[in-house]
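> Below: sequence and its predicted model.
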Amino acid sequence: MKRHSLIKISLLIILFSMIFITLMPAEAAEMALDYLYRYEHQSGEPDHLLDAIAIDSNRAIVCGNRGLALIDLNALPLNGTKQYLYRLTGLNARDVYLKYPYVYVNLHRGESEGPYGFAVVKIEGNTLRKIKVISETNTLLEKMCIRDDFLYVAAHNKGIRIYNISDPENPTLTGRLDDGFVDAFAIDVANDTAFVADGGGGLKIVNVGDKSQPRIIAGETLETAVGTSETITCKSGRIYIGAGGAGVAVYQNGDVNSRKIYPIGGAAEDMCWIGDFLVVSNFHGITVLHEYSVGELTIVGGETTARRAKGTLRLCEGVGAVSDNRILSADWNYLDVYQIKSLDESMQPDINCDVQRIRFAPDGETKTVTVTNNGGGDLTITNVTSSAPGFFQTSFTGTTLSPGQSVQFEIIYNGSGTNAAGVISLASNDPDENPLPIQVFGRTSYLDPGEEAADFTLPALSMNHETGQMEEKMFTLSQHRGQIVWFQVYGSW
């Protein structure tokens, strides 16, 4: 009898082991992002495309500084188009949220586009009609979310707002919470709990069971938070925050002490889910992470979009999801559409360079560059040229790389130039990055590597969030000796 029991126990152990092995998650496989097609902002109307949302499997709405564009995804060509189904101008549109047939668009005041707030827009067939704008004096609204008949809004240092949208054309303010936040950038809601990406203050958890009286029940502080929390999403009881340069922070079941950080090699700005893939905009492009186990992420792919077309700067700010594993990538000049595929399914090459902007020492220097094929098809680099061959040269003329292969080559600056600058262009069969530009700078009129900064004084602008006005103050470098000084510069062109 005892012998039979031992055999039975042994069989159970073996069976349990087999089940456990079967259920153990496999490590996430590397994926490819196949480029599909592109929408371009309108010529003659400088417009930063900042976000996009699919309204069905065929159409999407794109946000830009000049308004909204309703586009037919099926009509977009490989090399891009400025064609649209309808364009609604006069809105400085930042993000868009769908409650079909309505969308709610948060607005950033600028130039002549009107006040802060959000717009109610109705989709009528293939046209867009602005219903009204809801605004609050000196209150800048950032990311929002819709749950049932409520619109939840992050309002920077003014906290959060809750609007009832059961009458979609007439939102009514139901509740607000002004105190306890550092800089509310984004909000997501599950049941009666709101989760807020609070800028430098990290994660804040708010009870919204009583919509008229929301209250903070837990959260991080400036001292305990990491990065700058600017976007947030919830999934199956877990919270995912895009924490700026820190990467993606994951919290289990609303526990602020369970935080786990996943660096993404950039500053996390926006996020969306496509099945078990978390797509993150990181300013210089897209990072795709796979949740191969509960709350466990690993990077499986990505795309660099920051510098194309002779090195023109583009920042990938917004991402959205469409059916068939498609990604909407709003990166200033273009809305690019990609599709997540396994490397076995992908037939496209994907050129990637470890650096696309190089500063050389004033007296001359040689830099080594690595180019990799991240796609599923062979990458053929057909030609390499320098726009300033008198200053910058390379002996590399091209090659063919199989998927996953890399090649290194040298770029030489001879040190003879004054304000020398140029572009090394790599022509290839990559469908959306041809040619790939590498910007090169030699002796410049500004600081080069190894040079000491001379003292200077300049005017600096900062926003007074209490008055909503920009204030000018003088900044002198020597007064900040021993401190870390961070400059944020906006240019117009």
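Received the coordinates, thanks.
> Every contact and neighbour count from this point should use C-alpha atoms.
Will do.
> ranges for the strands of the stretch 1-150 of the chain?
31-40, 49-54, 59-64, 67-72, 86-89, 93-99, 102-107, 117-124, 127-134, 144-147, 150-154 (DSSP state E, counting those that start in this stretch).
> right, so of those, which gets closest to residue 362?
Within those, the stretch nearest residue 362 is strand 49-54; the backing value is 36.7 Å (CA to CA).
> just for the chain, where's the confidence low?
Scanning the chain for pLDDT under 70 picks out the ranges 1-28, 43-46, 109-115, 445-451, 462-470, 484-493.
> So residue 249 sits against residue 233, correct?
No. Applying CA atoms under 8 Å as the test, residue 249 and residue 233 come out as separate, 10.7 Å apart.
> Now list whatever residues contact both of these two.
Common neighbours of residue 249 and residue 233 are listed as 240-241 (criterion: CA atoms under 8 Å, 6 or more residues apart in numbering).
> Please enumerate the strands of the stretch 151-300 of the chain.
160-164, 172-177, 186-190, 193-197, 203-207, 215-219, 231-235, 238-242, 248-252, 260-262, 270-274, 277-281, 285-293, 296-304.
> Make JSON lines out of those and add mean neighbour count and distance to residue 417.
As requested, those are exported to JSON lines (neighbours: other CA atoms under 10 Å; distance: least, CA to CA, whole Å):
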{"stretch": "strand 160-164", "mean neighbour count": "23", "distance to residue 417": "54"}
{"stretch": "strand 172-177", "mean neighbour count": "17", "distance to residue 417": "58"}
{"stretch": "strand 186-190", "mean neighbour count": "24", "distance to residue 417": "47"}
{"stretch": "strand 193-197", "mean neighbour count": "26", "distance to residue 417": "47"}
{"stretch": "strand 203-207", "mean neighbour count": "23", "distance to residue 417": "50"}
{"stretch": "strand 215-219", "mean neighbour count": "17", "distance to residue 417": "54"}
{"stretch": "strand 231-235", "mean neighbour count": "22", "distance to residue 417": "44"}
{"stretch": "strand 238-242", "mean neighbour count": "26", "distance to residue 417": "42"}
{"stretch": "strand 248-252", "mean neighbour count": "23", "distance to residue 417": "43"}
{"stretch": "strand 260-262", "mean neighbour count": "16", "distance to residue 417": "42"}
{"stretch": "strand 270-274", "mean neighbour count": "22", "distance to residue 417": "41"}
{"stretch": "strand 277-281", "mean neighbour count": "25", "distance to residue 417": "37"}
{"stretch": "strand 285-293", "mean neighbour count": "22", "distance to residue 417": "32"}
{"stretch": "strand 296-304", "mean neighbour count": "20", "distance to residue 417": "30"}
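> can I get the ones you listed in TSV with distance to residue 370?
Shown next, in TSV, are the strands of the stretch 151-300 of the chain (distance: least, CA to CA, whole Å):
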stretch	distance to residue 370
strand 160-164	46
strand 172-177	50
strand 186-190	37
strand 193-197	36
strand 203-207	38
strand 215-219	43
strand 231-235	32
strand 238-242	28
strand 248-252	27
strand 260-262	25
strand 270-274	28
strand 277-281	23
strand 285-293	18
strand 296-304	14
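> Residue 439 is nearest to which of the ones you listed?
Per CA to CA, nearest to residue 439 of those: strand 296-304, 14.8 Å.
> who does that closest one pair up with?
strand 285-293 (antiparallel) (DSSP bridges).
> For the partner strand, which outside residues touch it?
Under the criterion CA under 8 Å, 6+ apart, residues 25-28, 264, 276-281, 297-306, 315-316, 329, 331 lie in contact with strand 285-293.
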